[in-house]
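> just the structure for this:
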Amino acid sequence: METNVTFRHFEGQHPNLQDLALESLTKLERFHDNIISGDVVFSNQVPKSVEIKIYIKEKTLVISEENDDLKKALHDATDRMARQIKKHKTKINQ
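Next comes the predicted model:
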């Protein structure tokens, strides 16, 4: 899966957050076989937020999560995205 990680309104790079984002998107691959690519956008504005976009063959799924701790926001967004991918997959298979 092709992945992109973007940092908005940050000073410099954040390799820890980037590694966590890449790891999270890799974990999402096990829920659907047709995932083409994924994007993670970290925003450092108030409130801090994380947005995850997953591009599946037939649809684009988007989740956004706000939290003062970006790691916690990423974790919550990943959990919500996993549920959304599973729900989408069951709709397709019916």
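> same for the host helix or strand of residue 83, what does it pack against?
Assigned by DSSP states H and E, residue 83 belongs to helix 70-93. In terms of contacts (3 or more Cβ pairs under 8 Å, 6 or more residues apart in numbering; DSSP states H and E), helix 70-93 is packed against helix 15-28, strand 35-43, strand 49-56, strand 59-66. Any C-beta I mention is one placed from the backbone N, CA and C, and that applies to glycine too.
> need these in JSON lines with mean neighbour count, can you?
Shown next, in JSON lines, are the helices and strands packed on helix 70-93 (neighbours: other Cβ atoms under 10 Å):
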{"stretch": "helix 15-28", "mean neighbour count": "16"}
{"stretch": "strand 35-43", "mean neighbour count": "18"}
{"stretch": "strand 49-56", "mean neighbour count": "20"}
{"stretch": "strand 59-66", "mean neighbour count": "15"}
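> how about a markdown table for these, with mean pLDDT and distance to residue 76 added?
Formatted as a markdown table, these follow (pLDDT from 0 to 100; distance: least, Cβ to Cβ, whole Å):
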| stretch | mean pLDDT | distance to residue 76 |
| --- | --- | --- |
| helix 15-28 | 94 | 11 |
| strand 35-43 | 96 | 13 |
| strand 49-56 | 97 | 8 |
| strand 59-66 | 96 | 5 |
